[in-house]
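Asker: sequence unavailable; structure follows:
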Ligand code: C5P
């Protein structure tokens, strides 16, 4: 009898920027209560899964050397979780092609985990529903459900409870990637420390920003971007102030630290302006490299449909 080996499945998952990131109090479980508006951006990772004798992870592309290939990688945990839930052996080779900066505040690890869930659900023909995958994603990390979801969404709880937000038109971004990374828990702890010392102010509600998104006008949106983690990221990496200033001087409408940083995200008036800002920023010597991106884009999606049938 002929045994049919399933074909590899390829999934692309987006990065994210937090347009509004209001950090509430530290909860008993070690997480902070958040009110955040995520937007998925076209800067993406690609994850390919194929049958193998054992579970292995390989990383290629930008920053590949900075990504672990053992069980500390979130895709490893995603594969083990999905295999256990589905009653199959986690024998698969997972190849991650990095486009999203590592430890950059753009949910790169979460994107890979979301991509792995979608890819393996297809490869292993498990037929888990969307709500099932959402629940697995939330167990893996606070940002993983959004990486599945994509688009623009309001996140509450620790960021895993999502409601879609209506947006009109595409927004154009320039991303300044920093030399090193920042650890998310370290940035949250720094914010707790700054707050214990009395600074800084807390962001208000997201209502105005959510309204601005419905106008589709980046000029209306730009002054409303805000991130409570920015003060903490700047405290840990003061060079980012220079990066933020340089982006606005180069013609961006506004600049913010993306999530827990250190990537800085600059909202631009249109696609042409984003190209111009990126060229000027690249020459300013204030970051490791520069990328242009647009959003919103969809969440983790299969690129190769051949494995479905
Ligand atoms: O959920 P995830 O594992 O990605 O979170 C990484 C760390 O970031 C947590 O252990 C916690 O220190 C911090 N965090 C937080 N509040 C959140 C999300 C993350 O304090 N809402």
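Answerer: Happy to help now that I have it. In this text, all values refer to a predicted model and were calculated from it rather than measured experimentally. Numbers count the residues shown, from 1 in each chain.
Asker: could I get the phi/psi values of residue 220?
Answerer: Residue 220 adopts backbone torsions of phi -80, psi -40, taken as degrees, to the nearest 10.
Asker: what count of nearby residues applies to the nearest residue to it once chain neighbours are set aside?
Answerer: In this structure, residue 220 finds its nearest non-sequential neighbour in residue 212, 4.5 Å apart by Cβ to Cβ, 6 or more residues apart in numbering. (C-beta placed from N, C-alpha, C; glycine too.) Around residue 212 there are 21 other residues, counting by other Cβ atoms under 10 Å.
Asker: now residue 212: how far from residue 268?
Answerer: Using Cβ to Cβ, to the nearest Å, residue 212 is found at 15 Å from residue 268.
Asker: can you pull the pLDDT of the residue positioned nearest the centre of the chain?
Answerer: With distances taken as Cα atoms, centre = their mean, residue 107 lies nearest the centre of the chain, 2.6 Å away. At residue 107, the pLDDT value in this model is 97.
Asker: pretty sure it sits against residue 147.
Answerer: Yes. Contact criterion Cβ atoms under 8 Å: residue 107 and residue 147 qualify, at 5.7 Å.
Asker: close to the ligand: what parts of the stretch 101-250 of the chain are there?
Answerer: With Cβ under 6 Å from any ligand atom as the criterion, the stretch 101-250 of the chain meets the ligand at residues 141, 142, 143, 158, 159, 184, 185, 188.
Asker: for this protein, which segments count as strands?
Answerer: Secondary structure of the chain (DSSP state E): strands located at 9-26, 32-51, 56-61, 92-98, 152-156, 161-164, 171-177, 226-227, 254-257, 264-268, 289-295, 301-302.
Asker: name the residues that touch the fourth one?
Answerer: It stands for strand 92-98. Contacts with strand 92-98, where a contact means Cβ atoms under 8 Å, 6 or more residues apart in numbering, come from 45-52, 55-64, 67, 75-76, 79, 108, 112, 116, 120, 123.
Asker: for stretch 288-298, same thing?
Answerer: If you take Cβ under 8 Å, 6+ apart as the criterion, stretch 288-298 is touched by 14-15, 17, 39-44, 150-152, 167, 170-179, 271, 274-275, 278, 281-282.
Asker: which of these are buried?
Answerer: Neighbour-count burial (16 or more other Cβ atoms under 10 Å) is assigned, among the contacts of stretch 288-298, to 14-15, 17, 39-44, 150-152, 167, 171-178, 274, 278, 281-282.
Asker: give me the nearest residue to residue 49, chain neighbours excluded.
Answerer: Take residue 49 and drop its neighbours on the chain: the residue closest to it by Cβ to Cβ, 6+ apart is residue 119, 4.4 Å away.
Asker: typo on my end, it should be residue 134
Answerer: Of all residues beyond its chain neighbours, the one nearest residue 134 is residue 145 (5.4 Å), with distances taken as Cβ to Cβ, 6+ apart.
Asker: I'd say that neighbour and residue 158 touch.
Answerer: No. The criterion here is Cβ under 8 Å, and residue 145 misses it with residue 158 at 10.1 Å.
Asker: neighbour-wise, which of these two wins?
Answerer: Under the criterion of other Cβ under 10 Å, the comparison of residue 145 against residue 158 puts residue 145 first, with 27 against 18.
Asker: against residue 266, how distant is that one?
Answerer: Residue 145 is 26 Å from residue 266, where distance means Cβ to Cβ.
Asker: likewise for residue 289?
Answerer: In this view, residue 289 and residue 266 are 14 Å apart by Cβ to Cβ.
Asker: which one's more surrounded, the two?
Answerer: Shown here are residue 289 and residue 266; by other Cβ under 10 Å, residue 266 has more neighbours (30 against 14).
Asker: quick one: pLDDT of the more buried one?
Answerer: Value listed for residue 266 in the pLDDT field: 98.
Asker: ok, and the closest non-adjacent residue to it?
Answerer: Nearest one to residue 266, counting by Cβ to Cβ, 6+ apart, is residue 252 at 3.6 Å.
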